[in-house]
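Chemist: quick one: sequence and predicted model below, then my questions.
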Amino acid sequence: IAQVAFDCLCKFKIPYLAPYTNQLRQILTKGELREALTKFDVSQGGGVIDLQHRDQFIPILTRILFGRFTIRNTGRRSAKDNPDARRAAILSFLSELNPDRNEYDSFVYLMVRPFIPSKVSMNIDCSHVGDHEFERKRINLLLAAAKTVT
């Protein structure tokens, strides 16, 4: 299903997605995830992802990776494609993202989304505050979500 959905997106020739379709297809192909991640350098100094595309491309990439991260079984039993190896490869790949640009945010949001009640707003405008206050607000948001779950 993910391949078909991605093919639909490719039909629109989105400017920030089009240059990376081959890499994303490899990531979506069963058994090729680890190899695709090792060939795809997302570090800011890597130069593979254009700086103009980063802000829009990274959230799409992290959504695709989150889908692959949460899959329990792929039907095949191989050492390359077992869930533990796949998760380790994805987390290792995500470590190359730039925390200063908040590139981890969409992945972390996808991870904690099931625990956040719908009445809690995830839109926090922190452009006017310092980094410490932004981090404090993030922690308070997670604590509020944890309290409603327990």
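Modeler: In hand now; what should we look at?
Chemist: which residues touch the residue nearest the centre of the chain?
Modeler: With distances taken as CA atoms, centre = their mean, Thr62 lies nearest the centre of the chain, 1.5 Å away. Residues near Thr62 by CB atoms under 8 Å, 6 or more residues apart in numbering: 94, 103, 106-107, 110. No exception for glycine: its C-beta is placed from N, CA and C like everyone else's.
Chemist: identify those among these that sit within helices.
Modeler: Cross-referencing those against helices under DSSP state H gives 94, 106-107, 110.
Chemist: out of those residues, which one sits closest to Leu9?
Modeler: For the ones in helices among the contacts of Thr62, the minimum distance to Leu9 (CB to CB) is 16.3 Å, reached by Ser106.
Chemist: and the residue nearest to the closest one when sequence neighbours are not counted, how far from Phe66?
Modeler: By the measure of CB to CB, 6 or more residues apart in numbering, the closest residue to Ser106 outside its immediate chain neighbours is Pro59, 4.2 Å from it. Pro59 sits 10 Å away from Phe66, taking CB to CB, to the nearest Å as the criterion.
Chemist: quick one: average pLDDT of stretch 6-25?
Modeler: With pLDDT averaged residue by residue, stretch 6-25 scores 93.
Chemist: contacts for that stretch next, please.
Modeler: In this structure, residues lying in contact with stretch 6-25 by CB under 8 Å, 6+ apart are 3, 28, 36, 39-40, 49-50, 52-53, 56-57, 60-61, 64.
Chemist: how far does it stretch from one end to the other?
Modeler: As for stretch 6-25, its first-to-last residue distance stands at 8 Å under the measure CA to CA, to the nearest Å.
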